[in-house]
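Peer 1: A structural model of the following input is requested.
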Amino acid sequence: MLTVSSHIRVFMSTQPFDMRGSYDSMIGRARRWGLEPTDGALYVFFSRSRIHIAILWFDGSGWRILKKRLVKGTFQQLPEVAEGIDRVTVDSRVLASLLDGIDLRAPKRRWFRQDSRAAM
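Peer 2: Model prediction:
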């Protein structure tokens with residue numbers, strides 16, 4: 001499980017990324033968004049098939065890339081992203097949920113106490 005501070009900004013690409021590229025291509029994509037990737041934020045990219053994810057991060061002294069390839073299934077797309085949007089900003093909980101395979105579209109469970117009279 002990846003633990004990310006809630007103070008870290010996370011920018012997630014909505015367009016597929018060619019995973020053959022490495023540091024320079026991810027840095028270039030972030031700069032085309034008008035962002036400076038040395039700011040300490042996380043930049044998240046998905047492959048076209050959505051079985052690969054890559055996270056770019058500058059830690060102050062160098063670049064790091066965290067990659068994950070799923071054995072089964074695909075990474076979920078973010079719900080309700082408007083057409084033509086090339087990136088979205090999400091919080092660290094959304095990133096952790098995506099990495100753990102939690103369905104972001106699933107309705108929340110409504111927990112309730114059973115009425116004691118109904119059990120009689």
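
Peer 1: Residue 55 versus residue 78, what's the distance?
Peer 2: 15 Å (C-beta to C-beta, to the nearest Å). C-beta coordinates here come from the backbone N, C-alpha and C atoms, glycine included.

Peer 1: which of these two has more neighbours?
Peer 2: A direct count of neighbours by other C-beta atoms under 10 Å for residue 78 and residue 55 places residue 55 higher, at 20 against 15.

Peer 1: My read is that that one contacts residue 46, right?
Peer 2: No. Residue 55 lies out of contact with residue 46 (C-beta atoms under 8 Å); the separation is 10.5 Å.

Peer 1: From the contact counts, what lies against the lowest-mean-pLDDT helix or strand in the chain?
Peer 2: Between all helices and strands in the chain, the lowest mean by mean pLDDT, DSSP states H and E belongs to helix 92-100, at a mean of 84. Judged by 3 or more C-beta pairs under 8 Å, 6 or more residues apart in numbering; DSSP states H and E, helix 92-100 is in contact with strand 10-13, strand 52-58.

Peer 1: which residue packs closest to the residue positioned nearest the centre of the chain, ignoring adjacent ones?
Peer 2: Among the residues of the chain, the one closest to the centroid is residue 95, at 3.9 Å (C-alpha atoms, centre = their mean). Spatial nearest neighbour of residue 95, excluding adjacent residues (C-beta to C-beta, 6 or more residues apart in numbering): residue 10 at 5.1 Å.

Peer 1: and the nearest residue in space to residue 58 that is not next to it in sequence, how many neighbours?
Peer 2: Leaving aside its chain neighbours, residue 58 sits nearest to residue 38 (4.7 Å; criterion: C-beta to C-beta, 6+ apart). Look at residue 38: counted by other C-beta under 10 Å, it has 12 neighbours.

Peer 1: What of residue 77?
Peer 2: 13.

Peer 1: Could I get the phi/psi values of it?
Peer 2: Residue 77 adopts backbone torsions of phi -80, psi 150, taken as degrees, to the nearest 10.
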